[in-house]
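A.B. asks: Everything below, folded, please.
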Amino acid sequence: MSLILTIFVLVFFTELISWIGHSVLLELVWSIYRRIFYSAAVSRQRELKTELLTTKKELLQTSAQDQFAKWAKLRRTVDKGLVELEKLNGELASQKTAFSVRFNSLVWILTTGLQFAIGWWYRKSAVFYLPSNWLGPLTWWLALPFAPKGSVSVGVWQMACRRVVKVGERTVKALTTGSDAAPPGAEMNTSTTDKN
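C.D. replies: Model (predicted):
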């Protein structure tokens with residue numbers, strides 16, 4: 001894939017993750033990961049909850065004064081189940097925390113880290129060249145920091161791609177919400193007229 005498309009796809013992927021949200025992606029990927037790798041713990045947790053609810057319902061229907069032995073046995077069963085459920089919940093919570101750290105690191109590497117790496121690796125390369133005297137004296141700015149004169153650098157191309165994707169995002173949001181919001185780039189008239 002050419003450098004121009006690689007940078008655009010990377011910026012689009014980064015903005016898509018930002019648009020969806022890290023927490024939403026984390027919860028989605030965690031639920032899939034948990035079903036695959038911790039299915040036994042999740043099924044045990046579900047069983048424990050069902051058993052506890054059934055036993056607790058029976059406990060509430062048993063009189064502590066009239067049937068003390070049965071009530072005490074049910075109470076011990078509920079307490080034991082709650083301890084086991086808390087332990088299982090704690091294990092799953094610590095596994096989710098560890099997964100969250102790994103997931104956030106991976107997302108950072110695949111988005112921000114990769115953008116830094118590509119920007120550094122291709123810092124002296126031109127993404128593409130502009131026709132001579134196309135922008136006049138401003139052409140040098142597009143080559144910053146290290147690209148050849150008359151070209152567009154990786155950093156400038158990343159900024160341009162990010163801007164285009166953000167404008168596209170705002171346009172899609174405005175179209176999907178059906179609001180009467182001004183289109184992207186349109187300025188609102190803030191001046192007021194005096195009524196006499």
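
A.B. asks: pLDDT below threshold where in this structure?
C.D. replies: 1, 179-196 (pLDDT under 70).

A.B. asks: tell me the contacts of the spatially most central residue of it?
C.D. replies: Centroid check for the chain by Cα atoms, centre = their mean gives His22 as the closest residue, at 1.7 Å. Neighbouring residues of His22 by Cβ atoms under 8 Å, 6 or more residues apart in numbering: Asn104, Val107. In short, each C-beta sits where N, CA and C put it, glycine included.

A.B. asks: Show me the helices in this protein, by range?
C.D. replies: 3-20, 22-37, 39-61, 68-108, 114-121, 139-142, 154-177 (DSSP state H).

A.B. asks: can you pull the buried residues of the second one?
C.D. replies: Residues of helix 22-37 classed as buried by neighbour count (16 or more other Cβ atoms under 10 Å): Leu26, Trp30, Arg34.

A.B. asks: Which member of the residues you listed is positioned nearest Thr177?
C.D. replies: Among those, Leu26 lies closest to Thr177 (Cβ to Cβ), at 25.4 Å.

A.B. asks: any idea how far Glu84 is from that closest one?
C.D. replies: Leu26 is 27 Å from Glu84, where distance means Cβ to Cβ, to the nearest Å.

A.B. asks: Could you do Ile7 as well?
C.D. replies: Ile7 is 52 Å from Glu84, by Cβ to Cβ.

A.B. asks: more neighbours, the two?
C.D. replies: More crowded of Ile7 and Glu84, by other Cβ atoms under 10 Å: Ile7, with 23 against 15.

A.B. asks: Verify the stated contact: Lys70 with Gln61.
C.D. replies: No - using Cβ atoms under 8 Å, Lys70 is not in contact with Gln61; the gap is 10.5 Å.

A.B. asks: okay, those two: which has more neighbours?
C.D. replies: Lys70 (14 against 8).

A.B. asks: if you skip the residues just before and after it, what's nearest to the more buried one?
C.D. replies: The spatial neighbour of Lys70 that comes closest, neighbours along the chain excluded (Cβ to Cβ, 6 or more residues apart in numbering), is Thr62 at 5.6 Å.
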